[in-house]
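**Q** Any chance you could fold what I've pasted below:
(chains A, B, C and D)
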There are 2 protein chains.
Amino acid sequence: MAEKIDRRIRKTRAQLRAGLARLMQKKNIREITVTELVDEVDINRSTFYLHYEDIYQMLESIEQEIMDEIKGSIEKNPIESFASSKAQAFIVHIFSYLEENREICNALLGPHGDMAFVERTEKLISETVFDSLAAQFPRNTPDLIYTYTFCLTGLVGMTTAWLSADHPESPQYMADLTHRLFANITQDIISS
Amino acid sequence: MAEKIDRRIRKTRAQLRAGLARLMQKKNIREITVTELVDEVDINRSTFYLHYEDIYQMLESIEQEIMDEIKGSIEKNPIESFASSKAQAFIVHIFSYLEENREICNALLGPHGDMAFVERTEKLISETVFDSLAAQFPRNTPDLIYTYTFCLTGLVGMTTAWLSADHPESPQYMADLTHRLFANITQDIISS
DNA sequence: CCATTAATAAACACACTGTTGATTTTTATA
DNA sequence: TATAAAAATCAACAGTGTGTTTATTAATGG
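**A** Below is the predicted model:
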């Protein structure tokens, strides 16, 4: 069981996190100062430094939490084959998680976001979903590698657009579209 | 004829630009200070402020130059149809330009890059290449819109990977791959 | 209730910023 | 090559955010 953290710490961190997400909707993270953030949520500046080194370390900390949560749910129901129905359920699960955390995920992946987080997201997908897909194509031609990257970055870009859309489609819809897109491209690769 | 700019200005800006590209390979742009940059290229800090407001404005200025150059060559030979051989030549042209400016483009699109620049790049491609492609599909289903985004972001991601590769394939190769990928996906959309 | 822990407040040296005014160096060109 | 114009340098400035410290106040869990 996870240890219970002091209510004051929970409250402080939640306030800072919400405040950061709020500020990131208005401006780029590089323009956000510690002073500005603590003013936004009315917390003493010293308190910030009790929890985080600086704004970027705080962001990484948040990113890590998100990654851990996703990884956790990945380990619970690991993926075997891309074509399996289990895989389909898994993809739905990911999209659902993203929707639940729309605000912060949108901030991180959006125009004011963090390029490094985009890369980490791509890496995570690569390690879990894509590598099993790549295993089906033992060849290693530039064609395959670049097609792989094309799909990976395309998926993340598509998901980012979905997160920022006003009236987004359901996670089920997105998972289905993803599946269809990849099925087609996979087919094309095989036949080429 | 473009006016000739004072050699001192050319040299100073070139030094600053090269220095920024160098620093961006090592660290994120948000961590780069004016003081650090002028130290890197051994130029007086006041001189920097004669040319740019700050690091970000300098980056935007560089981005604008790149955009203008690409837009310029677009207007010279406008694209009619995606399938035409002219379009193919155009895509080769773009990839060639990117290769010539590999250093700075890689810095801007890479892991330490600028999310806003990635967006602007996507927008530029969208306005020129993609919109003519989209005109072929007057329907406006979510499927199409997301597939469009998937291709757009996938292309930029693939290109970014190509720019950062050690021994990259030729622009011709990339243009050909792009063409084949899109031809396949376009085919899939039509048949669905 | 009480010991523990978190949050606050004030103060500090430090670094980077953006600007100014005076001075030196380089440039274009006449 | 001489010269006026323009660019680069240099030193100094107040202003702001940083990161840390120390003492004090407030909230929490048991």
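
**Q** Name the next helix or strand following the helix or strand bottoming out on mean pLDDT in chain A along the chain.
**A** The weakest-scoring helix or strand in chain A, judged by mean pLDDT, DSSP states H and E, is helix A:131-134 (a mean of 68). Per DSSP states H and E, helix A:131-134 leads on to helix A:142-164 as the next helix or strand towards the C-terminus.

**Q** For that next one, list every residue counted as buried.
**A** Along helix A:142-164, these residues count as buried under the neighbour rule (16 or more other Cβ atoms under 10 Å in any protein chain shown): A:143, A:145-163. Placement of C-beta: from N, CA and C, glycine included.

**Q** Please apply the same query to stretch A:38-54.
**A** Across stretch A:38-54, burial judged by 16+ other Cβ under 10 Å covers A:38, A:40-41, A:43, A:48, A:52.

**Q** How about the contacts made by the residue nearest in space to the middle of chain A?
**A** With distances taken as Cα atoms, centre = their mean, A:Thr121 lies nearest the centre of chain A, 5.1 Å away. A:Thr121 makes contact with A:109, A:156 under the criterion Cβ atoms under 8 Å, 6 or more residues apart in numbering or on different chains.

**Q** list the helices and strands the strand or helix carrying A:His93 packs on?
**A** A:His93 belongs to helix A:85-100 when assigned by DSSP H and E. When contacts are defined as 3 or more Cβ pairs under 8 Å, 6 or more residues apart in numbering or on different chains; DSSP states H and E, helix A:85-100 packs onto helix A:55-76, helix A:142-164, helix A:171-191.

**Q** Around DNA strand D, which positions in chain A sit nearby?
**A** Contact residues, chain A versus DNA strand D (Cβ under 7 Å from any atom of the strand): A:4, A:6-8, A:11, A:33-36, A:45-46, A:49, A:53-55.

**Q** Swap in 10 Å and give it another go.
**A** Within chain A, the positions adjacent to DNA strand D are A:3-11, A:32-39, A:44-50, A:52-57 by Cβ under 10 Å from any atom of the strand.

**Q** out of these, which are inside strands?
**A** Using DSSP state E, no member of these falls in strands.

**Q** Give me the subset of those that also touch chain B.
**A** A:Tyr56 (Cβ under 8 Å from any Cβ of the partner chain).

**Q** Export the buried residues of stretch A:38-54 to CSV and append columns for pLDDT.
**A** Converted to CSV, those look like this (pLDDT from 0 to 100):
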residue, pLDDT
A:Val38, 98
A:Glu40, 97
A:Val41, 98
A:Ile43, 98
A:Phe48, 98
A:Tyr52, 97
